[in-house]
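1. With the sequence up front, the predicted model follows.
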Amino acid sequence: MNRENKRKSFEKGYYKNHSCMEVFTCKVCGRQVVPEGAGSEHRNHCPNCLSSLHVDNEPGDRESECGGIMEPVAVWIKKNGEWSIIHRCRRCGKLSSNRTAADDNPMKLMSIAMKPIANPPFPIEYIEELTKTTGCDSDFSCFDFTVTKK
């Protein structure tokens, strides 16, 4: 079934309470996406390129008229340690959060997570000057770089 036409085939809110077991072709990378391997009953993005389609106004309602490509722009980690992907619609700009799936491309996830470090919002040459203005020594001891393990 065509993902864009789901809302026409089922009653309102159907996907909030029913598993999404369909196979679809990713509009960005062209790979076939299957529900197996996701680790949940709701496959909402491609595990290869992590892109999705803007089909929901609220999760599972399939009422969005936009239909734009939802591109992965960031990741965030919930209090319980679970990662989620922040998607932004290329057409209308809407932001949404989706849980990562068990078979998501780990290199793509890490690439998105490292974007702010690889491309900081200030010239990298000014790090030494910026640390001095914060009262920090060159060993960065005033910053908390603690890594929490699960």
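-> Yep, that arrived.
2. and the most centrally placed residue in the chain, which of the three is it?
-> By C-alpha atoms, centre = their mean, the mean C-alpha position of the chain lies nearest to Ile85, the distance being 2.0 Å. The three-state assignment at Ile85 reads strand, by DSSP: H, G, I helix; E, B strand; the rest coil.
3. again, but for the one 3 residues further on
-> For Arg88, the assignment made with three-state DSSP gives strand.
4. who's in contact with it?
-> Listed by C-beta atoms under 8 Å, 6 or more residues apart in numbering, the contact partners of Arg88 are Met70, Glu71, Val73, Lys94, Leu95. In this view, the C-beta of every residue, glycine as well, is placed from N, C-alpha and C.
5. what does the model give the residue nearest to the centre of the chain for pLDDT?
-> Model confidence at Ile85, given as pLDDT, is 95.
6. That one: what's it in contact with?
-> For Ile85, the contact set (C-beta under 8 Å, 6+ apart) comprises His45, Leu50, Pro72, Ala74, Val75, Ser97, Asn98, Arg99, Thr100, Asp104, Leu109, Ile112.
7. gap between Val34 and Ser52?
-> Distance, Val34 to Ser52, using C-beta to C-beta, to the nearest Å: 15 Å.
8. likewise Gly81?
-> 23 Å.
9. And the helix ranked longest in the chain, what does it pack against?
-> When the chain is parsed with DSSP state H, its longest helix is helix 106-118. In terms of contacts (3 or more C-beta pairs under 8 Å, 6 or more residues apart in numbering; DSSP states H and E), helix 106-118 is packed against strand 69-77, strand 83-89.
10. Given the longest one, what are its sheet partners and their directions?
-> When pairing is defined by DSSP bridges, strand 69-77 lines up against strand 52-53 (antiparallel), strand 83-89 (antiparallel).
11. Return the most buried member of these.
-> Mean neighbours per residue, mean count of other C-beta atoms under 10 Å, is largest over the strands paired with strand 69-77 for strand 52-53, with a mean of 24.
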